[in-house]
Every structure is written in structure tokens, then in C-alpha cells.
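In: Pasting the sequence and the predicted coordinates here, then a few questions.
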Amino acid sequence: MQFTTNSLFLRVLVLCFATLSITLHAQETKRVAIYDLEKRGQNVYYLPSVSDYIVNYYVNDSRFTVIDKANSQIIQSELERQKGEEFMDGYIVEQGKQEGFDFMMRPYYDRKEKLLHLKVYDVEKGVVITDQTVPIKNSLLGIPKDLKSAVNTLIEKVNQKCFEIHYVVVRSIDKKGKEVLLAAGHNQKIRAKDVFQVYELVEEIVADVPIIRKVIIGHGKIQEVEDDNFSILKIIDAQQEIVNKLNSGAKLYASTKTDE
């Protein structure tokens, strides 16, 4: 398979993932590199800068801090044309090790598949940890439709697979548990009608090793995004169980539910 871009420009970001766990409630900083979009196949439809959308998604999210986006590196076009996918995967991981990255993100669009991909590499383990996709629809003129929405969905899939964020369910707003207050708002790109799963994080001991298990209780849909930090989540099922657990002092969390 050949690559039709003249070069890949490496965007250097240090992203601060504000994650929550049952044992440690601290910030974990991960160095993530984002490549420019690859367009595979001849006569590829014009696509605005998908990489810019990805960068801006994280830059404008309060959970992430951009430390350095000025440096860039180029992979020579001959290397792109002459080497296969397996070689490129290994090359990218090796480059990540040399530059001290934790993860590498590589978006690409295949016209034949009509799918936008976002491939994520775990540099330390030297493996591809996910290759998420979303379909891209084009107008009669070949211009992508709802591209920003598609990129947001793609990022949500990657975040759920690789960097899942556990948003805190603060409290029940009414006695019956029909609505709860969620500690996430505009800063976290929460949108009305987004679907979430509500769960507990339970520690299980397996062969003397503590392992965190996510126990899903129910689901909800965003009723209203109140401000930068809070939203109202309307509970769809298990209302009584959720309110009982909150009243008993149990710690509940929520994360976006995306289709696989």
C-alpha cells in the first residue's frame, strides 16, 4: 500500500489526562504525538485538516495541557512510498521511543473504504492499541459532510478505548433518581443527548493482585449542559438503584458510550 501525502508532520503535544481511579485521584501526564492526516488512494476527496481538529479538541479541553506544539519532524516521502504498513508501524514506534513519547496518534483516510481511521500506538509496549474508524459522507461535489462531528466521534472512541475518563456523578437531583448532576460540562466537550453509562469501580483481588472492575449499573442521556464544569444527566434505566447507591455514599462514575 502506498501513501499519497508528500510528508507527515509530527505535532508534539503533552496532554495532561485528569483521570480518576479507585486508589489514586491524581493527574497523569502522557506525551502524545499527532501526525498530519494521510490520504490513501488516488484522486482522494479534499479533506480539511483532520489533524487540526484533533489537536484543537485536546487543546480546548481543560483536561489536557499543550506544552510544546512548535517542533515538527518529517518522514521522507520515499520512505512512505517504498515501505509497507508493518514497516511504518515499527518506524513510528521507534521514532516515538527516540523522542520520548508515550503514545502516537496517526489519522488516515482511505477513499476505497470511505472510512476515517485514527491509529494509536503504545510506544513503550511497541504495539498498535487501537485503530478506530468512522464513516465519512460526501456531498455530490465530493466535499465531506459533518466532518467535525465525525472527528469528535472518532476521538471519543479512542478516549474510551485508550484513555477512558471517569466523570464523577456528584449527586441525585431528585429523590427518584431521574436526574443526576455530572461533573463534566463544556470544557469536556459534553453535548446534549450524549449517552453515558453509569457504573462503580470495584476492586477485585485475583491471585493476590488488586484489579479494578467496572460494574455498569445503568445508562443516561445528557439533558442539559449547565456550564463549563457540570451537566444534568437524565437516567434512562436503574433509577432506583442509582439513587440508593448515591444515598448510601457509594462513588459512582460515568463515561461516554460509543458504538463499536
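Out: Looks like it arrived, so ask away. On a predicted model such as this, the values are computed, not experimentally measured, just so you know.
In: could you give me the average pLDDT of stretch 252-260?
Out: If you average the pLDDT over stretch 252-260, you get 77.
In: In this structure, which strand is the longest?
Out: For the chain, the strand with the greatest residue count under DSSP state E is strand 209-225.
In: neighbouring contacts of that one?
Out: Residues from elsewhere that reach strand 209-225 (Cβ atoms under 8 Å, 6 or more residues apart in numbering): 21-23, 179-180, 182, 185-186, 190-205, 231-239, 241-242, 245, 252, 254, 257. Bear in mind the C-beta positions are built from the backbone N, C-alpha and C, glycine included.
In: what do you get if the cut-off is 7 Å, keeping everything else the same?
Out: 21-22, 179, 185-186, 190-204, 231-238, 241-242, 257 (Cβ atoms under 7 Å, 6 or more residues apart in numbering).
In: So what's the gap between it and the chain middle?
Out: Offset of strand 209-225 from its chain centre (Cα atoms, centre = their mean, to the nearest Å): 17 Å.
In: for Glu86, helix, strand, or coil?
Out: Following DSSP: H, G, I helix; E, B strand; the rest coil, Glu86 is assigned to helix.
In: Any idea how many residues pack against it?
Out: Using other Cβ atoms under 10 Å, the number of residues around Glu86 comes to 8.
In: Quick check: the gap between it and Lys114.
Out: Distance, Glu86 to Lys114, using Cβ to Cβ, to the nearest Å: 24 Å.
In: partner strands of the longest strand of the chain, parallel or antiparallel?
Out: Strand 209-225 sits in its sheet next to strand 195-206 (antiparallel), strand 231-235 (antiparallel), going by DSSP bridges.
In: for it, which positions count as buried?
Out: For strand 209-225, the neighbour count (16 or more other Cβ atoms under 10 Å) marks 217-220, 222-223, 225 as buried.
In: Among those residues, pick out the one closest to Val158, please.
Out: Ile222 (20.2 Å; Cβ to Cβ).
In: Once you drop chain neighbours, what's closest to that closest one?
Out: Computed as Cβ to Cβ, 6 or more residues apart in numbering, the closest residue to Ile222 that is not its neighbour in sequence is Asp194, at 4.5 Å.
In: measure that neighbour to Ser231 for me?
Out: 9 Å.
In: Give me the more crowded residue out of those two.
Out: Higher neighbour count among Asp194 and Ser231: Ser231, with 25 against 18, using other Cβ under 10 Å.
In: Is Lys245 within a helix or a strand, and which one?
Out: helix 239-247 (DSSP states H and E).
In: returning to what we had before: just send the buried residues of strand 209-225 back as TSV, with distance to Tyr57 and pLDDT too.
Out: Compiled in TSV, these are given as follows (distance: Cβ to Cβ, whole Å; pLDDT from 0 to 100):
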residue	distance to Tyr57	pLDDT
Ile217	29	96
Gly218	28	95
His219	24	95
Gly220	23	95
Ile222	18	96
Gln223	23	96
Val225	16	96
